[in-house]
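Engineer: dropping a prediction and its sequence here:
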There are 6 protein chains.
Amino acid sequence: MDRGKSDRKKNSNVDVVAVLETQIDDLSPQVFGYLFEVLLNVGALDVFTQSVMMKKSRPGILLTVICPIDKINVCETIIFRETTTLGIRQTIQKRSILDREIKTVNTQYGEVRVKIASQGTGENTNLINVQPEYEDCATIARKFNEPLTTIQKIVLDAFYSID
Amino acid sequence: MDRGKSDRKKNSNVDVVAVLETQIDDLSPQVFGYLFEVLLNVGALDVFTQSVMMKKSRPGILLTVICPIDKINVCETIIFRETTTLGIRQTIQKRSILDREIKTVNTQYGEVRVKIASQGTGENTNLINVQPEYEDCATIARKFNEPLTTIQKIVLDAFYSID
Amino acid sequence: MDRGKSDRKKNSNVDVVAVLETQIDDLSPQVFGYLFEVLLNVGALDVFTQSVMMKKSRPGILLTVICPIDKINVCETIIFRETTTLGIRQTIQKRSILDREIKTVNTQYGEVRVKIASQGTGENTNLINVQPEYEDCATIARKFNEPLTTIQKIVLDAFYSID
Amino acid sequence: MDRGKSDRKKNSNVDVVAVLETQIDDLSPQVFGYLFEVLLNVGALDVFTQSVMMKKSRPGILLTVICPIDKINVCETIIFRETTTLGIRQTIQKRSILDREIKTVNTQYGEVRVKIASQGTGENTNLINVQPEYEDCATIARKFNEPLTTIQKIVLDAFYSID
Amino acid sequence: MDRGKSDRKKNSNVDVVAVLETQIDDLSPQVFGYLFEVLLNVGALDVFTQSVMMKKSRPGILLTVICPIDKINVCETIIFRETTTLGIRQTIQKRSILDREIKTVNTQYGEVRVKIASQGTGENTNLINVQPEYEDCATIARKFNEPLTTIQKIVLDAFYSID
Amino acid sequence: MDRGKSDRKKNSNVDVVAVLETQIDDLSPQVFGYLFEVLLNVGALDVFTQSVMMKKSRPGILLTVICPIDKINVCETIIFRETTTLGIRQTIQKRSILDREIKTVNTQYGEVRVKIASQGTGENTNLINVQPEYEDCATIARKFNEPLTTIQKIVLDAFYSID
């Protein structure tokens, strides 16, 4: 466990997040891409939509926004402003999270960030999951005209051969 | 095979239908319920939507209309008129269909129609599927405040005990 | 802010709703349309379904019913009666809601209701969203054979030109 | 209410379950079938996935695991181990459940289990729902090459004619 | 029909497109956003995904690419290169399309493009649908911190008041 | 390109498949898992379902079966027998397919099959995609209590280090 430039080590732990939900059946789908952007810009942790079937055969959209407690107000204001919803439901949820750290690894295409999830500390640190940063890989794939999955594999191989 | 008021007997066979498809990402879902109604009124055989994920994170709708060949024009005119689509794709498909007939059976709640699908003729007629008419059962369920599935079961039992 | 026949003005605020959920993998989809009707009739605020993928490759249905706290029992009784579910999960959620009022506007096709969502009071009232009532517009569209979206636009134009 | 081999009778009641949720956008769908198996083996009550639309046009998966409170830790450990998620959200939900009992009925194809849901006790017991066990019926359908729905109907008829 | 800077007028008509489809159950959803970008860059007309339920409880993805006939090869090469699919199905479909033209209208926020769909020519031209360009409106909404739907309404009002 | 036990080398090429489709709104989802099994047993190449939204707010299922031309009849017979559908639509589609071969690689857990997709022949063979067989990996993961994705990575590493 001595790979790359990282020095941050934390235990896995628990936090609390707010989950905002609202189902919408009278808004153009075009708006949702813009809404994602605005919500993530103000601090939402994640945003996603699901298709739902509503009364009168309407194919509605269920919007879910996951955000820190102190971002509830700003997220609700944006949802009311940008959509047609009349009500936003809210639940507070406990969340188990892994330690995450970003390292950079060198590849033939330059430096690429890798997101590492782990549990435990010191000798007992357990690598749970390693993911090359999507945007870094996509940039390289575009530039060198290589398949995205090839770039991701090269980055992972570079990460695991650091030792 | 001598149940109820039916007298129509046909072989299973093959016909041809048109399938119209268009994906829409800039229209309120509210419109689709109305669109279903209008399309079925002019002779569409079936209409359904599916949720699709389009570019720019838009949760679009794929509309599918199944209609007889001679209804292609009227259905396309309605789709262009009621939605924001700029193009409607069309395929002609072969369709294997079962013989269908409607019989009525008597129950303690009155007469109810039953849709019967079968293959073959005369002695060799093979009952494939028997379904009580949804609207008849729903009307009874509403009126007598019984579960819809209870009514459906009573109708099927009445059908199978006719002999 | 002096449009039409309205006189009700309230602040936006917060209420509490119950959310009932159950996933169902052994019931005909036909039943859900009827279930929507029955649940909305007894006071459910909203009802929707989502497709879920369950064990053994079963394409199940997740039913969600949003209702006032005092309607939990009647809604649960109906769900148990009309479906095959063996368990209904329940959460109580805080809900932020906008002030809503219904106004009527005059158009060349007659009076049409408009649902208005706003925040704030008096001079500071902020129009958030204005939606013509779907059923009123659909009735006119059917009768005059005009596109539904055209009717909706005419109603909105009439609303905004009241001043 | 004196059918078959059952002797257990309970009232309908309420319990509490944990609902674990996490959205995943960087894992092969192949893994989910295996994950279902492992989670159900350690005591999850139900597991299902839903498709969600996430940022950057990614068709993600929302995983939901319903489990007893004392299985939260083992289920979370498995989800972290088998998937790429970095966080698992948790809610505790009240659940209304029907009394369930398994009876066996005799058919021309041998014994088949039937799951019976009911409310109330003794004279006031109310049969809510009766479902032949899927696996038993599927085994018979495979062996005798009969349609699955035919076997299910035969089992139900045998159940209701026991008296 | 004398609005703005347009001078192009065509009849509605019919063309032919290729529809490429493949279902994928062993690829990270992350790849699809990148795939959309690459396919649209080489000339695909539209790209979308749908969630499908495959064998062994796998939540797969059905990819659909609509492209001109002369782009079939390049699109197939990209799909094979970027995904794990082993086979791509192809159908040629007739497509009814409306005349489309882009006009620009002046608003208080500057020029905005509007996409206009119409049928017929000269005196008989029939405006079917008018849509403000999403990207233009989103740029203004971001810059002036106004709701996207407000900008879209302002653009439409400007368009209809040109005469 | 001299890895493992393979000796089969073919060019990528084109074949023709039948696509059978039917939308179903009156059948229990439970049946679909069984239907998948039966259809794949008689020679269907792939089977999947999608959720569709049908008239009267019914959350229906669109069943798609991809099969060789000479399996159309047996697949249609099974669909009519096991489901409630009254009609099955059929299209014949061209399909571009990669060369596929199965190799076995040795790992610390024993032999595992790997599916290899490639284009071209001899010196010009181009490895497109390499996937460890899911069932082999799942068997090992179960037996040794290791994460499935870990086993898949070990197999791929073994494959690429053969030379």
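Structural biologist: Yep, that arrived.
Engineer: so residue A:62 bridges to which residues?
Structural biologist: residue A:23, residue A:50 (DSSP bridges).
Engineer: tell me who's in contact with it.
Structural biologist: Residues in contact with residue A:62 (Cβ atoms under 8 Å, 6 or more residues apart in numbering or on different chains) are A:21-24, A:49-52, C:48, C:50. (Each C-beta comes from the backbone N, C-alpha and C, glycine too.)
Engineer: out of these, which comes closest to residue B:56?
Structural biologist: residue A:49 (12.6 Å; Cβ to Cβ).
Engineer: look at the residue of chain A most remote from its centre and give its secondary structure.
Structural biologist: The outermost residue of chain A relative to its centre, with distances by Cα atoms, centre = their mean, is residue A:56 at 34.2 Å. Counting by DSSP: H, G, I helix; E, B strand; the rest coil, the backbone at residue A:56 sits in helix.
Engineer: doesn't residue A:47 lie inside a strand?
Structural biologist: Yes - according to three-state DSSP, residue A:47 belongs to a strand.
Engineer: and the buried ones among the contacts of residue A:62, selectable in ChimeraX?
Structural biologist: Listed next is the ChimeraX selection for buried residues among those, using 16 or more other Cβ atoms under 10 Å in any protein chain shown:
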select /A:21,22,23,24,49,50,51,52 /C:48,50
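Engineer: dump the contacts of residue A:62 into TSV; add pLDDT as well.
Structural biologist: Shown next, in TSV, are the contacts of residue A:62 (pLDDT from 0 to 100):
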residue	pLDDT
A:21	98
A:22	98
A:23	97
A:24	95
A:49	97
A:50	96
A:51	95
A:52	96
C:48	97
C:50	96
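Engineer: hmm, back to that, contacting residues for the residue farthest from the centre of chain A?
Structural biologist: Residue A:56 neighbours (Cβ under 8 Å, 6+ apart): B:33, C:134, F:57.
Engineer: just residue A:64 next, same as before
Structural biologist: A:19-21, A:47-50, D:52.
Engineer: so is it in a helix, a strand, or just coil?
Structural biologist: Residue A:64 is classified as strand under three-state DSSP.
Engineer: run a quick neighbour tally on residue A:42.
Structural biologist: 12 (other Cβ atoms under 10 Å in any protein chain shown).
Engineer: no wait, residue A:16
Structural biologist: By other Cβ under 10 Å, 11 other residues sit near residue A:16.
Engineer: measure it to chain D for me?
Structural biologist: Distance, residue A:16 to chain D, by Cβ to the nearest Cβ, to the nearest Å: 10 Å.
Engineer: what's across from that residue in the sheet?
Structural biologist: The partner residues for residue A:16, given DSSP bridges, come to residue A:94.
Engineer: residue A:89 too?
Structural biologist: residue A:21, residue C:95.
Engineer: what residues are up against it?
Structural biologist: A:20-22, C:17, C:19, C:66, C:93-95.
Engineer: now do residue A:25
Structural biologist: Here residue A:25 is in contact with A:54, A:58-61, B:28-30 (Cβ under 8 Å, 6+ apart).
Engineer: got the phi/psi numbers for it?
Structural biologist: phi -130, psi 10 (degrees, to the nearest 10).
Engineer: would you quantify the distance from it to chain D?
Structural biologist: Residue A:25 is 16 Å from chain D, by Cβ to the nearest Cβ.
Engineer: the residue lying closest to that residue once chain neighbours are set aside - how many residues pack around it?
Structural biologist: Closest residue to residue A:25 apart from its sequence neighbours, by Cβ to Cβ, 6 or more residues apart in numbering or on different chains: residue A:60 at 3.8 Å. Look at residue A:60: counted by other Cβ under 10 Å, it has 27 neighbours.
Engineer: quick one: the helix or strand that contains residue A:60 to strand C:58-67, angle?
Structural biologist: For residue A:60, the host element (DSSP states H and E) is strand A:58-67. Put simply, strand A:58-67 runs at 80 degrees to strand C:58-67, going by axes from the mean of the first three to the mean of the last three Cα atoms, to 10 degrees.
Engineer: would you state the helices of chain A in chain order?
Structural biologist: Applying DSSP state H to chain A gives helices spanning A:30-41, A:72-82, A:134-144, A:148-160.
Engineer: so for the second one, what gets flagged as buried?
Structural biologist: Within helix A:72-82, the residues that qualify as buried by neighbour count (16+ other Cβ under 10 Å) are A:72, A:75-76, A:78-82.
Engineer: now the contacts of residue A:62 in TSV, with distance to residue E:110?
Structural biologist: Below are the contacts of residue A:62 laid out as TSV (distance: Cβ to Cβ, whole Å):
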residue	distance to residue E:110
A:21	36
A:22	32
A:23	35
A:24	30
A:49	31
A:50	36
A:51	35
A:52	38
C:48	40
C:50	41
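Engineer: and which of the contacts of residue A:62 is nearest residue E:142?
Structural biologist: residue A:49 (20.4 Å).
Engineer: point out the residues in chain A that sit beside chain B.
Structural biologist: A:24-30, A:32-33, A:36, A:49, A:51, A:54, A:56-61 (Cβ under 8 Å from any Cβ of the partner chain).
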